[in-house]
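> Please find the sequence and the predicted model below.
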Amino acid sequence: MLKRLKRRRGESIEVEIDGLEMPLLLRRNPRARRLSLQVSETRRGAVLTVPLYSSYAEADEFLSRHLTWLKKRLAGLGKAVRFAPGAIVPIRGDAHEIRFVGAQRGLVWIETAEDAQASFTWPDTANLPAGSLPLLCVAGEENHAPRRLLDWLKRQAHADLKLCVDRHANRLGLQPKRIVVRDQTSRWGSCSATGALSFSWRLVLAPPYVLDYLAAHEVAHLAHMNHGPRFWATVRRTMPEHETARVWLRKHGASLHCYGA
C-alpha cells in the first residue's frame, strides 16, 4: 500500500492510497512515540505520523487497520471549491459567483446582478436561481485567473486587517511592527515576539466581525503573550462581542479552507 521510505529526520511525503480520493501525508517525527492517524480539515486530507523507529511494515499494517475509519472521516469533509467560473465563494460573509470575463486588463471587481438576492448569505446558498448572486469578475487570461483572484483576496484581507488592527491598537495604546497575510493552516493569526502580526487571508471570506475579532485577538497579544485572564480582559476591552465571533469560527471556520483548494 505504501512506498518504502528512507529514514530521514522530519521526512514528509504524500502517498496515493487505493480507495482514497485524496493523498495521505506520511510524516516521520523524531518526537513521536507511537503511530497516529488524523484527518486535518485545514489541510483537507489525512496525516499519518510515524516514529523514526517504526518500520514500513508497521506503518502499512496500522493504516490498513484504520482505513475504513479514515474513508468515513474523509467523506465528511466539505467538498473543495476551486476558483473556477460558476463557483460560489463568500466575500466578507456574502456569497458571490465567480465569472471569468476574458482578456481585458487583469483586474478583479464585484458586480451586483440585476436581480441579486441580498438576503442570501453564505453558507445558505442552496437552490439559488441563476443570476441571484453578485458576480466576482476576474479579467485576463483564464489560465491565470485563479491566481489573480487569490492575489486580489489577499490584498483585500490585508486592507481589512490593517483597518481593524489600527483601530484596536489605537484603543489599547499598542503598536504592531507589521502585518503579514499568509495561507496559514494551523491558526488564524499569530503574534511574534517582535510584534509582527500574521493572519490567514481566508479571514476575508468570513463575516467582517470574525476578521475584526482575530485582529483584536492578535493585537491583545502585543500586551500579553498568553491566553490568561489579563489577555482575555484586554480582548473584551477592545471588542466586547468577541464570543460571537469565536462561536462562528468553531462552527464554520474549517470550511473556509475548502475555497481555492
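Structure received. Since this is a predicted model, take the numbers as computed values, not measurements.
> contacts and neighbour counts: CA atoms only from here.
OK.
> For the protein, give the helix that spans the most residues.
In the chain, with assignment by DSSP state H, the single longest helix is helix 145-172.
> May I see the buried residues of it?
By neighbour count with 16 or more other Cα atoms under 10 Å, helix 145-172 contains the buried residues 145-146, 148-150, 152-154, 156-158, 160-162, 164-169, 172.
> between the helix or strand that it is followed by and helix 145-172, how many degrees?
The helix or strand immediately downstream of helix 145-172 is strand 178-182, counting by DSSP states H and E. Angle, strand 178-182 to helix 145-172, by axes from the mean of the first three to the mean of the last three Cα atoms, to 10 degrees: 150 degrees.
> low pLDDT regions in the stretch 51-200 of the chain?
Residue ranges of the stretch 51-200 of the chain with pLDDT under 70: 75-78, 104-106, 113-131.
> Show me the helices in it, by range?
With DSSP state H, counting those that start in this stretch, the ranges of helices along the stretch 51-200 of the chain come out as 56-75, 145-172.
> what's the longest one packed up against?
Okay, so that is helix 145-172. Judged by 3 or more Cα pairs under 8 Å, 6 or more residues apart in numbering; DSSP states H and E, helix 145-172 is in contact with strand 108-111, strand 135-138, strand 178-182, helix 208-221, helix 229-238.
> so which of the ones you listed comes closest to V101?
Closest of these to V101 is strand 135-138, at 5.9 Å (criterion: Cα to Cα).
> Work out the sheet partners of the closest one and label each with its direction, please.
Paired with strand 135-138 in the same sheet, following DSSP bridges, are strand 94-100 (parallel), strand 108-111 (antiparallel).
> how about those in JSON lines, adding distance to I88 and mean neighbour count?
Formatted as JSON lines, the strands paired with strand 135-138 follow (distance: least, Cα to Cα, whole Å; neighbours: other Cα atoms under 10 Å):
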{"stretch": "strand 94-100", "distance to I88": "5", "mean neighbour count": "23"}
{"stretch": "strand 108-111", "distance to I88": "13", "mean neighbour count": "15"}
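> Minimum distance to C191: which of the ones you listed has it?
Proximity to C191 (Cα to Cα) singles out strand 94-100 among the strands paired with strand 135-138, at 28.3 Å.
> got a list of what C164 touches?
Contact analysis of C164 by Cα atoms under 8 Å, 6 or more residues apart in numbering lists D212, A215, A216.
> swap in R246?
V210, Y213.
> Setting the sequence-adjacent residues aside, check what's closest to R28.
Of all residues not flanking R28 in the chain, V50 sits nearest, at 4.7 Å (Cα to Cα, 6 or more residues apart in numbering).
> List the residues that contact that neighbour.
By Cα under 8 Å, 6+ apart, the contact list for V50 reads L26, R27, R28, N29, A32, R34, L35, S36, A59.
> Double-check the third one against V47; I have them as touching.
So the one you mean is R28. No: shown here, R28 and V47 do not form a contact pair, counting by Cα atoms under 8 Å, at 10.5 Å.
> And those two? Which one has more around it.
Neighbours were tallied for R28 and for V47 using other Cα atoms under 10 Å; the higher tally belongs to R28 (23 against 20).
> Check for me that the more buried one belongs to a strand.
Yes: according to DSSP: H, G, I helix; E, B strand; the rest coil, R28 belongs to a strand.
> hmm, back to that, chain center to the longest helix of the chain, what's the gap?
Taking Cα atoms, centre = their mean, to the nearest Å, the mean C-alpha location of helix 145-172 is offset from the chain mean by 15 Å.
> again with stretch 141-154
The answer for stretch 141-154 is 17 Å, by Cα atoms, centre = their mean.
> export it as CSV, just CAs?
Taking Å, rounded to 0.1, in the frame of the first residue of the first chain, the C-alpha atoms of stretch 141-154 are listed here in CSV:
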residue,chain,number,x,y,z
GLU,A,141,-6.2,35.1,-19.5
GLU,A,142,-8.3,32.3,-18.0
ASN,A,143,-5.3,30.1,-17.0
HIS,A,144,-4.0,32.9,-14.8
ALA,A,145,-7.4,33.8,-13.4
PRO,A,146,-7.4,31.6,-10.2
ARG,A,147,-4.0,33.1,-9.2
ARG,A,148,-5.2,36.6,-10.0
LEU,A,149,-8.3,36.1,-7.8
LEU,A,150,-6.2,34.7,-4.9
ASP,A,151,-3.8,37.7,-5.1
TRP,A,152,-6.8,40.0,-5.0
LEU,A,153,-8.3,38.2,-2.0
LYS,A,154,-5.0,38.5,-0.1
